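Peer 1: show me how the following folds:
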Amino acid sequence: MSPLTSATSDVSVRPAVPGDETTIAAVQLAAWRATHAETLGAEVLDAVDPARLAAQWRAAITSPPGRGYRVLVAMHGPRLVGFASVVPVVAPPGTGDDTPGGEILALEVEPTERRQGHGSRLLAAVVDLLRDEDGATSVQTWVIRGDVAREQFLGSAGLGDVGGRRVLGEQDDPREITEHLWGAAI
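Peer 2: Now for the predicted structure:
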């Protein structure tokens, strides 16, 4: 490496394309295992079929499930090291808020590539897309209770807990997974 080249000089964010799905699925599973193994449980994570997950990502990339749905990937040179998926949203009917916003459905970075700016680049690209292409004035995302690193990351980017809560899982499942809604004006 020449003295004028840094280790992070070849980083970027781009739209996902067919062929990215297997790596996206691998990054997602690795990130979940590193961050949510205790919350989700090893048996749940072990039951995830990587090929099925990759097929779901391929469908999301090639036939987005809704208007404005996008998948972006973070690249470090030729390597895909993270991804984000986002969709425009509007407030629920009856709230009196008809301004468009966006929801980050997923944002994950390969655990060995964290703290190198990939998540920040993904978040900035998502916000730019929402604001510039969808006219969004806010962004939101759900955070699993206890994910302190994600809370710190989002907080440092200006998002905060806006008070929404939801519980995931089956009614008979003894493991309760609570998510908190985080958001910000953009």
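Peer 1: state which strand of this protein is the longest.
Peer 2: strand 79-89 (DSSP state E).
Peer 1: how many neighbouring residues does residue 79 have?
Peer 2: Residues lying near residue 79 (other CB atoms under 10 Å) number 11. For every residue, glycine as well, the C-beta is placed using N, CA and C.
Peer 1: for it, report the pLDDT, please.
Peer 2: On pLDDT, residue 79 comes in at 92.
Peer 1: residue contacts, the residue positioned nearest the centre of the chain?
Peer 2: Nearest to the mean C-alpha position of the chain, counting by CA atoms, centre = their mean, stands residue 107 at 1.7 Å. Counting by CB atoms under 8 Å, 6 or more residues apart in numbering, residue 107 touches 82-85, 119, 122-123, 126, 141.
Peer 1: go again with 6 Å.
Peer 2: For residue 107, the contact set (CB atoms under 6 Å, 6 or more residues apart in numbering) comprises 84, 122.
Peer 1: the helix or strand containing it pairs with which strands?
Peer 2: Following DSSP states H and E, one finds residue 107 within strand 101-109. Looking at strand 101-109 with DSSP bridges, its partner strands are strand 79-89 (antiparallel), strand 138-144 (parallel).
Peer 1: which elements pack onto whatever helix or strand comes next after it?
Peer 2: As assigned by DSSP H and E, the chain's next helix or strand after strand 101-109 is helix 118-134. Applying 3 or more CB pairs under 6 Å, 6 or more residues apart in numbering; DSSP states H and E, one finds that helix 118-134 makes contact with strand 11-15, strand 70-76, strand 79-89, strand 101-109.
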